[in-house]
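**Student:** Give me a 3D structure for the following:
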Amino acid sequence: MAKKDETMQRSVGRRKTSSARVRITPGKGEIIVNGKALTDYFPMPLSQQKVLDPLRVTNRVDSMDVSVKVAGGGVNSQAEAVRHGIARGLVKWDEALKPLLKAEGFLSRDSRSSERKKYGLKKARKRTQWRKR
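**Tutor:** Residues are numbered from 1 along each chain as shown. Sure thing, here's the model as predicted:
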């Protein structure tokens, strides 16, 4: 088995049904998501900001290259999954960054997801209207 490469860190970030596999390497600050540039994959500035937040907080925007494969969920969920994966990868890279990222809330996985639909109901909790008479 090959020796683990110390110049790269892999991590996984999740949110709802989205899952992001992140690979962090030292570089010039390029972020590739599913084979596209960050601005092409996430055209909305808010989504781009969410993805870049862990790098911005740790002052590593221009010194780390990030490659991501993300699947499932919607645009917002995918952006938060990528943010979670990047934060976890940075902690693997340098343990000293953990308090900084934890204080911002980037290391905690948001476990909220949609409740399943129950039989006999219209939706997860919606029932038919009840009439007394």
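**Student:** my read: residue 38 touches residue 48, true?
**Tutor:** Yes - look at residue 38 against residue 48 with CB atoms under 8 Å: they come within range, at 5.9 Å. For glycine as for every other residue, the C-beta is placed from the backbone atoms N, C-alpha and C.
**Student:** what residue is smack in the middle of the protein?
**Tutor:** Nearest residue to the geometric centre of the chain (CA atoms, centre = their mean): residue 81, 1.7 Å.
**Student:** what packs against the helix of greatest length in the chain?
**Tutor:** In the chain, taking DSSP state H as the definition, the longest helix is helix 75-93. Secondary-structure packing of helix 75-93 (3 or more CB pairs under 8 Å, 6 or more residues apart in numbering; DSSP states H and E): strand 9-15, strand 18-26, helix 45-57, strand 64-71, helix 98-104.
**Student:** Apply 6 Å and report the result again.
**Tutor:** strand 9-15, strand 18-26, helix 45-57, strand 64-71 (3 or more CB pairs under 6 Å, 6 or more residues apart in numbering; DSSP states H and E).
**Student:** ok, and for that helix, which residues are buried?
**Tutor:** Within helix 75-93, the residues that count as buried by 16 or more other CB atoms under 10 Å are 76-91, 93.
**Student:** sorry, back to before: thought residue 16 was touching the residue nearest to the centre of the chain, still the case?
**Tutor:** No - in this structure, residue 81 is not within contact of residue 16 by CB atoms under 6 Å, at 8.1 Å.
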